[in-house]
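Asker: Sequence first, then the predicted structure:
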Amino acid sequence: MKKIKIAIVGVGNCASSLVQGIYYYKDKPSQNSIGLMHFEIGGYTSGDIEVVCAFDIDERKVGQDVSEAIFALPNCTAIFCDSVPKMGTVVKMGRVLDGFSEHMYAQEESRTFILSQEKEASEEDVVKELKRSGAEMLLNYLPVGSQKATEFYTECALQAGIGFINNMPVFIASNPKWAARFKEKNLPIIGDDIKAQLGATIAHRTLSDLFKKRGVKLERTYQLNTGGNTDFLNMLNRNRLASKKESKTEAVQSALAERLDPENIHIGPSDYVPWQKDNKVCFIRMEGKLFGDVPMNLELRLSVEDSPNSAGVAIDAIRILKLALEKNIGGPLIVPSAFFMKHPPQQIPDDEAYLLVEEFIKELSEELVETK
C-alpha cells in the first residue's frame, strides 16, 4: 500500500497529537486500537500517513525535524508516544501575515510565541516546497483568527495542485468562492473547523438533538470553555474570535428544533488558565420546559485533553481525502465535512451524517478495489 503524503502548516499541539498518533497506532492490531473511529479506510491505516512537509513561524520549531518540533515549546499537549522517529522532514519558515496575535509575542524563552528571524516564505517558495515534497494534501492548523494566513496557504494548495483539510474556523470549504475554485481544479477539500472526537460541540449538539427528539423546549443555553494552551492564549484577543464564535454557535443552532434568539445562546471560548495547559474544561447549561410547561435545566462539565481529541478525527479525514484524490473527486466533500467539521458547506444531523459517511467510505473503497 502506498503512503499518504501530507503537509502541515502550524506545528502546534494538534499537529503534535496527530503525528504522535500516526506512530502510536502504527503497529497495533485492530483489536487494540482504542480511540480510532476506523482502523482502516480504503485499505489505509493511520500508519500509512507520512508527514513530508511542514511550515511554522516559531523559532523553536523552524529548522527542526518534525519529530523534535512537535515536542518543542510552547506545545504542551500530552505525550502518549515518545518513540516518534526522525523523519528527515525539516520544518520550514512559513508566511507570518496574521498567523499570530501580537499579545503573544515573547522576547525570551517562555511558553508564549517567539517569532523566527528567518526570511518569510513567499507563495512561490511554499508551492515549490509542496511540490518538491510530493505532498498530496495540506492540513491547516493555524491559530484562530488567521484569516489572511489561511487564505495564503489555501492559495498555495491550489497552485500546488493538492487537496486541503481546513481544521480551523476560517471559512474556506463553506465559502462558495473558494469551494468553486477547488471544484474547478478538481481538488478535494474538507472543512471548516474540526469537531473533536468527543468535545464541547459534539456533546452540545447531541444534547440539543435529544431535547428535540424528546419534545423538550429549549429556551436558553450557554457553552463556556477554559484551557491553558496557546489556542486559548491566542483567543484572549477577542478581535480574532468572530469566525470561531460563528462556527461554534451555528454548529449548535443547526441541531436545535427552533433557532434561539442571539440573546438566549452564548457559545464560545471563555478564558485562558495557564496551569490547565492542553486540558480543556467545558461547561454547558441548557434551560427548557417539559410536559405541562414545567421548567428543567441540565448542566454538564466535560474535561478533555484538547489536541488528542481532534487527532483521531483528522486521521479519518486524511484517509477519506486520499480516497477522493484516487477517485478524482474534486470540490468540497459534503458528507465528510458535515461529520468531521463544525462549519461545513452543509449542516447534516450527526446521526444521519454518521450513516452517510460510512456509506461514502464503503462506496469509495469498493470502487477502488474494483479498479485495482
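Answerer: Now that the structure is in, tell me what you want to look at.
Asker: tell me which residues form a beta bridge with Gly331?
Answerer: Applying DSSP bridges to Gly331 gives these bridge partners: Pro188.
Asker: Which pLDDT does the model give it?
Answerer: pLDDT, Gly331: 98.
Asker: Then Ala106?
Answerer: If you check Ala106, the pLDDT there is 68.
Asker: ok, now His103?
Answerer: 88.
Asker: The closest residue in space to it that isn't next to it in sequence and Arg285: what is the separation?
Answerer: Leaving aside its sequence neighbours, His103 sits nearest to Asn237 (C-beta to C-beta, 6 or more residues apart in numbering; 5.8 Å). Quick note: C-beta positions are derived from backbone N, CA and C, even for glycine. Distance, Asn237 to Arg285, by C-beta to C-beta, to the nearest Å: 26 Å.
Asker: What of Val273?
Answerer: 19 Å.
Asker: Double-check that Ile320 belongs to a strand.
Answerer: No: counting by DSSP: H, G, I helix; E, B strand; the rest coil, Ile320 falls outside a strand, being helix.
Asker: Okay, helices next: where are they in this protein?
Answerer: 13-24, 66-69, 123-133, 147-160, 176-184, 200-213, 230-234, 242-253, 308-326, 334-340, 350-371 (DSSP state H).
Asker: Distance from the third one to the middle of the chain?
Answerer: What that stands for is helix 123-133. Taking the mean of its C-alpha atoms, helix 123-133 sits 23 Å from the chain's own mean (C-alpha atoms, centre = their mean, to the nearest Å).
Asker: One more: the fourth one?
Answerer: Distance of helix 147-160 from its chain centroid, counting by C-alpha atoms, centre = their mean, is 16 Å.
Asker: Need the CA coordinates for it. CSV is fine.
Answerer: Extracted in CSV, the C-alpha atoms of helix 147-160 (Å, rounded to 0.1, in the frame of the first residue of the first chain):
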residue,chain,number,x,y,z
GLN,A,147,-7.8,34.8,8.1
LYS,A,148,-5.1,36.2,5.7
ALA,A,149,-2.6,33.4,6.6
THR,A,150,-5.2,30.7,5.9
GLU,A,151,-6.2,32.2,2.6
PHE,A,152,-2.5,32.4,1.7
TYR,A,153,-1.9,28.7,2.3
THR,A,154,-5.2,27.8,0.6
GLU,A,155,-4.0,29.6,-2.5
CYS,A,156,-0.7,27.7,-2.2
ALA,A,157,-2.5,24.4,-2.1
LEU,A,158,-4.5,25.3,-5.2
GLN,A,159,-1.4,26.3,-7.0
ALA,A,160,0.5,23.2,-6.0
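Asker: List the contacts of it.
Answerer: Contacts to helix 147-160, defined as C-beta atoms under 8 Å, 6 or more residues apart in numbering, come from residues 9, 55, 94-99, 123, 126-127, 130-131, 135, 137-138, 140, 142, 163-164, 166, 168, 170, 172, 178, 181-182, 185, 187, 243.
Asker: list the contacts for the residue nearest to His103?
Answerer: Asn237 makes contact with 101, 103, 145, according to C-beta under 8 Å, 6+ apart.
Asker: Neighbours of the first one, how many?
Answerer: Ser101 is flanked by 20 other residues according to other C-beta atoms under 10 Å.
Asker: okay but it is in contact with Arg238, surely?
Answerer: No: with contact defined as C-beta atoms under 8 Å, Ser101 does not count as touching Arg238 (10.3 Å).
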